[in-house]
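Undergrad: Attaching a predicted model along with its sequence, questions to come.
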Amino acid sequence: MTKKRTIFLTTCLGLHFWTANLIAQNTSPAIPPALGVPKPGPTNDAPYAPQPILQGGVVVPLYPPGSPFLKMERVREAEQYNMNKAVPGRISSIVNIHNPSIEVHTVDGSLNTGAAIILAAGGGHNTLNVGTEGADFVPYFFNYGVNTIILRNRLRRDGYDAKVDAVNDALQSIRLVRAHAKEWGIDPNRIGIMGFSAGAELAAPAALFFEEFDKKNHSPGDPLAGVSSRPDFVGIVYPGPTPFARGGTPAIPRNTPPAFIICAGAGDRVHAVWANEYFTAMLNASIPNVEMHIYGNGRHPGDPLSDGSRMTGGLTYRNGIPFGTWQDRYIEWFRDLGFMQKPGVETKAAKDIATFVSQPQRGNGRRNEASGEQKGATNNTNASAAAK
């Protein structure tokens, strides 16, 4: 018998006895720990430095050190990552955010459309679900040539006002991305925000209150003074209450950006009502290119299921129901509006807004008390709702 054959047989016998021993003990071999798991950065006397949760992410704080937007007594605290219990190394959510930031993931030059989507995750203002409503979208949008930015905004659970602090974080993130657009290969006219559930409570106000934010933050000491916080588009995904909820009547700027709105219907009734309120307000104001999909079958992420698990959100296909393909409808809408053309080319969305703004207000004679806009459809309206 050759030496090599002897080694081979010895190895096989060793594996056999090892396997037999595991079976006898009714155990399994230990799984090695996940590699490259992101960890919070160190804490010291400087403001906390947020760390990327995905490889290759460029993390930039929203505000400079000493900014009046920040709580100086807490800005040095480290973020806390909540890991997925079933998937080693996967970050499900983040809490204790006191130095809000963006995590930028850019696209290869040959594929890059120049479009950038800021992702505002949900979590009921109690956590920030950066897994399903953030990190998962990076490879999805990459394949379409769309850059992604994961927003880490401050939370109500950590002592912040969601309607003020978190909305400011969203508007500031748009300004920050636009300010760095050239170096990141982003078209400054193709920057928008997509909010999920509680994150939609940031995206919807960003579409309405950008002018007010820019006026308040135009001092010479502001490094982003003069950079617009207006999103070029918004995604409103199974939203929490928008500014139109509970009888709200905010002003609707003539240049309000186009919106894509989706939600389950009766299975997620409250959020569907909030989605419909936003759509109806945009339709009454004749804002161009607003599209809504309300699905007949579906539930809100986090809802309990019959097997004891909970409904997941984001990109999940939801057992093959139509609601699980909403992201494909979004890409269709996004492409239709010209956001997936070569960078630098004026989009259909921009042209339609410019045309709409240039024309006199008109309608059926009934005025919108909130904005002074004329209610009723005009020839400029390109808003549609698809019921599924």
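TA: Yes, it's here.

Undergrad: can you give me the helices for the stretch 151-300 of the chain?
TA: 167-179, 181-184, 200-208, 210-216, 269-284 (DSSP state H, counting those that start in this stretch).

Undergrad: neighbours of the closest residue to R74 other than its chain neighbours, just the number please.
TA: Closest residue to R74 apart from its sequence neighbours, by CB to CB, 6 or more residues apart in numbering: H98 at 4.3 Å. Bear in mind the C-beta positions are built from the backbone N, C-alpha and C, glycine included. H98 has 22 neighbours, counted by other CB atoms under 10 Å.

Undergrad: ok, now Y317?
TA: So Y317, with other CB under 10 Å, has 10 neighbours.

Undergrad: Offset the numbering so it begins at 19, please.
TA: Right, with 19 as the first residue, what we last looked at is Y335.

Undergrad: which ones are touching the closest residue to it other than its chain neighbours?
TA: Nearest non-adjacent residue to Y335, counting by CB to CB, 6+ apart: G342, 3.7 Å away. G342 sits next to 334-336 when contact means CB atoms under 8 Å, 6 or more residues apart in numbering.

Undergrad: what's the spacing between stretch 368-379 and its chain's center?
TA: 28 Å (CA atoms, centre = their mean, to the nearest Å).

Undergrad: Check which residues of that stretch are buried.
TA: Buried residues in stretch 368-379, counted by 16 or more other CB atoms under 10 Å: 368, 370-371, 374.

Undergrad: pull the CA atoms of it into CSV?
TA: Only the C-alpha atoms of stretch 368-379 are listed here, as CSV (Å, rounded to 0.1, in the frame of the first residue of the first chain):
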residue,chain,number,x,y,z
ALA,A,368,-38.1,68.0,-14.2
LYS,A,369,-39.6,69.1,-17.5
ASP,A,370,-43.1,68.3,-16.3
ILE,A,371,-42.6,70.3,-13.1
ALA,A,372,-41.1,73.2,-15.0
THR,A,373,-44.1,73.3,-17.3
PHE,A,374,-46.6,73.0,-14.5
VAL,A,375,-45.0,75.8,-12.5
SER,A,376,-44.9,78.1,-15.5
GLN,A,377,-48.6,77.8,-16.1
PRO,A,378,-51.3,79.7,-14.2
GLN,A,379,-53.2,78.0,-11.5
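
Undergrad: Might one say that A293 is in contact with M310?
TA: Yes. A293 lies in contact with M310 (CB atoms under 8 Å); the separation is 6.6 Å.

Undergrad: which one of these two has more residues nearby?
TA: Using other CB under 10 Å as the criterion, A293 and M310 rank with A293 on top: 27 against 23.

Undergrad: Could I get the contacting residues of the more buried one?
TA: 254, 256-257, 279-281, 310, 312.

Undergrad: cool, G332 as well?
TA: 149-151, 154-155, 214, 319.

Undergrad: how long is stretch 71-91 end to end?
TA: One end of stretch 71-91 sits 25 Å from the other (CA to CA, to the nearest Å).

Undergrad: what is in contact with A293 and M310 at once?
TA: Joint contacts of A293 and M310 (CB under 8 Å, 6+ apart) are 279-280.

Undergrad: so the residue nearest the centre of the chain, which of the three states?
TA: Central residue of the chain (CA atoms, centre = their mean): L137, 1.9 Å from the mean position. Under DSSP: H, G, I helix; E, B strand; the rest coil, L137 falls in the strand class.

Undergrad: Now do it against I49, distance only.
TA: According to CB to CB, to the nearest Å, L137 stands 31 Å off from I49.

Undergrad: Y335 too?
TA: 27 Å.

Undergrad: Likewise for K200?
TA: Taken as CB to CB, the span from K200 to I49 is 45 Å.

Undergrad: Looking at those two, which is more packed in?
TA: K200 (10 against 7).

Undergrad: residues in contact with that one?
TA: P206.

Undergrad: try F214
TA: 137-140, 147, 151, 255-256, 319, 331-332.

Undergrad: again, only this time at 7 Å
TA: Contacts here follow CB atoms under 7 Å, 6 or more residues apart in numbering; on that basis F214 touches 138-140, 151, 255-256, 331.

Undergrad: what are the bridge partners for it, then?
TA: V255 (DSSP bridges).

Undergrad: so what's the backbone phi/psi at D346?
TA: phi -70, psi -40 (degrees, to the nearest 10).

Undergrad: what's the burial count for it?
TA: 10.

Undergrad: roughly how far apart are it and Y162?
TA: The spacing between D346 and Y162, counted by CB to CB, is 11 Å.

Undergrad: Please apply the same query to R347.
TA: R347 sits at a distance of 13 Å from Y162 (criterion: CB to CB).

Undergrad: ditto for V182
TA: 34 Å.

Undergrad: Between the two, tell me which one has more neighbours.
TA: Neighbours per residue (other CB under 10 Å) separate V182 from Y162, with Y162 holding more: 15 against 12.

Undergrad: wait, isn't that one in contact with Y348?
TA: No. Taking contacts as CB atoms under 7 Å, Y162 lies outside contact range of Y348: 10.0 Å.

Undergrad: Leaving out chain neighbours, which residue sits closest to Y81?
TA: The spatially closest residue to Y81, leaving aside those adjacent along the chain, is F87, at 4.9 Å (CB to CB, 6+ apart).

Undergrad: To clarify, my last question referred to N315.
TA: Among residues not flanking N315 along the chain, I339 sits closest, at 5.0 Å (CB to CB, 6+ apart).

Undergrad: Look up phi and psi at the one you found.
TA: phi -70, psi 160.

Undergrad: For it, grab the count of nearby residues.
TA: 14.

Undergrad: Next one, pLDDT for it please.
TA: pLDDT recorded at I339 is 90.

Undergrad: Ok, I211 next?
TA: For I211, the predicted pLDDT is 98.

Undergrad: quick one on the thing from earlier: could you pull up the contacting residues of the residue nearest to the centre of the chain?
TA: 151-152, 155, 166-169, 212.

Undergrad: N102 contacts R108, correct?
TA: Yes. Assessed by CB under 7 Å, N102 is found in contact with R108 at 4.0 Å.
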